[in-house]
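Participant: pasting the sequence and the predicted coordinates here, then a few questions.
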Amino acid sequence: MPRKLVVMKFGGTSLATPARIRAAARRIARERMRGWDALAVVSARGSATDDLLADAAKLAKHPAPREIDALLATGEQASAALLALALEAIGCRARSVTAHQIGILTDDNHRAAKIRAIDPRPLRRVLAAGAVPVVTGFIAVDAGGSITTMGRGASDKTAVVLAAVLKAKRCEIYTDVKGVYTADPNVVPDARRIPALSHEEMLEFAAMGARVMHAGAVEWGQRFGVPIDVRSAFSPAKGTRIGTVSPSRLSSRMAGLDRSTVHGAASDEDWARITLHGLPDLPGRAASIFEAVARDRINVDMILLNVPQGGFSDLSYTVLKTDLPKALANVRRIHRRLGVKAVSFDERIAKVSIVGLGMQDHYGVAARMLRALAKAGINVQAISTSEIKVSCIVPEADGARGLKVLHQAFQLRRRPKALAAGA
């Protein structure tokens, strides 16, 4: 009978030192001893990616994205080779594998490439030979053979995609935290670990700025029904299970959290706002703007269009700060043709959000959020809602404070030890 497969992804902190690499190798070897086949996916070690980007910035003011991808790929390749060596050293056969070798094919959008096809046959051959494939996460290749990368944190995506293609029974993401928390524990010390989340909730958490999981990984998990376990590389704790969870089942597993079904909060300071002042109130003007944005492959998050006055309105939208120069060049190319009077931007904003499955069935969640921010003297500049989240744009200086306010307002803090012991 074929052995069951577990995909295990190790983040940069999990591989930062030789001791941690050996610990990851032992964890993989234990799964093999339990009768599982294992496939490892790795990120670059420690600060390797940031160090490489810093070196590139010293050499080129506007480095070519293609060359940046080729540069960053070296970090993951080093991790894969080192983990394979550590596995071999403890008697576990292993083979480091790159994107070229397993055929993860993407488009040519360097730094944010999208997967187009995967050939799982090379990985199946390595597994059939009794070895552990150690795959470089985050990296792929385009139709022309150039190295591409899929965005920061996309090693998670590599792991989930491979788990889906190979029909793995488990996909485990090992990181430096014990799971997904009700808020960033570095900002909110009494944040509580969440035992279970739906794919939909985790997707919103990732979009809101939670760094634990890559949004693209969660999206693939949702699309192909891959359950994902987020666990600590340094602790035996169970972590957080991300998968399809009904609201009633989730509520029972989230005992002690706020009854409004708000399960977490997040803040994100990676966004900037662009505003087009005096946009003519005519059909097709907004469509022309966002068609141009899409052609330049710029992701837009929140959009706000005010009520027209005198035949004109103001249109604002948020983009990642890293995309701001490209987005400004984009809109300045077309604003005169569209009759826009002026263009402005603001990098000093933050997005604070709450998320929870079933929020649309509970009245007053948004009102409670806005009242809490108002009592704290935090000015809300824009609001965006969906069935399972509410997000507000606030001044950047109020981002962390806004997160703490919302965490307290929705009673997301960790239960007292006495209550937890008796639960």
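Facilitator: Looks like it arrived, so ask away.
Participant: what comes up buried for stretch 391-398?
Facilitator: Using 16 or more other Cβ atoms under 10 Å as the test for burial, stretch 391-398 gives 391-396, 398. For glycine as for every other residue, the C-beta is placed from the backbone atoms N, C-alpha and C.
Participant: which phi and psi does the residue of the chain most remote from its centre have?
Facilitator: Distance from the centre of the chain peaks at residue 310, with 41.8 Å (Cα atoms, centre = their mean). Dihedral angles of residue 310 (phi, psi; degrees, to the nearest 10) stand at phi 60, psi 30.
Participant: quick one: it from residue 278, how far?
Facilitator: 9 Å (Cβ to Cβ, to the nearest Å).
Participant: the nearest residue to residue 199 once chain neighbours are set aside and residue 158, how far apart?
Facilitator: Residue nearest to residue 199 in three dimensions, not counting chain neighbours: residue 222, with 3.5 Å by Cβ to Cβ, 6 or more residues apart in numbering. Remark: distance between residue 222 and residue 158 (Cβ to Cβ) = 16 Å.
Participant: kindly export stretch 274-294 (C-alpha atoms) in PDB.
Facilitator: Written as PDB, here are the backbone C-alpha positions of stretch 274-294 (Å, rounded to 0.1, in the frame of the first residue of the first chain):
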ATOM      1  CA  ILE A 274      -4.100  57.300  -3.600                       C
ATOM      2  CA  THR A 275      -6.800  59.900  -4.200                       C
ATOM      3  CA  LEU A 276      -8.000  61.300  -7.500                       C
ATOM      4  CA  HIS A 277      -9.600  64.700  -6.800                       C
ATOM      5  CA  GLY A 278     -12.300  66.100  -9.100                       C
ATOM      6  CA  LEU A 279     -13.100  62.900 -11.100                       C
ATOM      7  CA  PRO A 280     -15.900  63.700 -13.600                       C
ATOM      8  CA  ASP A 281     -19.100  61.900 -12.700                       C
ATOM      9  CA  LEU A 282     -19.400  60.000 -15.900                       C
ATOM     10  CA  PRO A 283     -20.000  56.300 -16.700                       C
ATOM     11  CA  GLY A 284     -16.800  54.400 -17.300                       C
ATOM     12  CA  ARG A 285     -14.300  56.800 -15.600                       C
ATOM     13  CA  ALA A 286     -13.700  54.500 -12.600                       C
ATOM     14  CA  ALA A 287     -13.500  51.400 -14.900                       C
ATOM     15  CA  SER A 288     -10.800  53.100 -17.000                       C
ATOM     16  CA  ILE A 289      -8.800  53.800 -13.900                       C
ATOM     17  CA  PHE A 290      -8.800  50.200 -12.600                       C
ATOM     18  CA  GLU A 291      -8.300  48.700 -16.000                       C
ATOM     19  CA  ALA A 292      -5.100  50.700 -16.200                       C
ATOM     20  CA  VAL A 293      -4.100  49.600 -12.700                       C
ATOM     21  CA  ALA A 294      -4.800  45.900 -13.600                       C
END
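Participant: ok, residues contacting it?
Facilitator: 300, 305, 308, 311-319, 324, 327-328, 330-331, 333-335, 338-346 (Cβ atoms under 8 Å, 6 or more residues apart in numbering).
Participant: one more time with 7 Å
Facilitator: Applying Cβ atoms under 7 Å, 6 or more residues apart in numbering, the set of residues contacting stretch 274-294 from outside is 300, 305, 308, 311-317, 319, 327-328, 330-331, 334-335, 338-345.
Participant: same check, this time on stretch 93-102
Facilitator: Stretch 93-102 has contacts (Cβ under 7 Å, 6+ apart) with 77, 80-81, 84, 87-88, 119, 122-123, 126, 130-136, 139-141.
Participant: how far does that stretch sit from its chain's centre?
Facilitator: Centroid separation between stretch 93-102 and its chain, computed with Cα atoms, centre = their mean, to the nearest Å, is 24 Å.
Participant: do the same with stretch 115-123
Facilitator: Taking mean C-alpha positions (Cα atoms, centre = their mean), stretch 115-123 and its chain are 22 Å apart.
Participant: what do you get for stretch 222-238?
Facilitator: Per Cα atoms, centre = their mean, the displacement of stretch 222-238 from the mean C-alpha position of its chain is 14 Å.
Participant: list the buried ones in stretch 16-26?
Facilitator: 16, 20-25.
Participant: ok, now stretch 142-155?
Facilitator: 142, 146-150, 152-155.
Participant: in this structure residue 391 contacts residue 382, no?
Facilitator: No: taking Cβ atoms under 7 Å as the definition, residue 391 is not a contact partner of residue 382, at 8.5 Å.
Participant: for these two, list the residues in contact with both.
Facilitator: Here residue 391 and residue 382 share the contacting residues residue 302, scored by Cβ under 7 Å, 6+ apart.
Participant: now do the helices in the protein.
Facilitator: In the chain, the segments counted as helices under DSSP state H are 18-33, 48-59, 65-89, 99-102, 121-128, 155-165, 199-208, 215-224, 247-253, 285-295, 324-334, 365-375, 399-409, 417-422.
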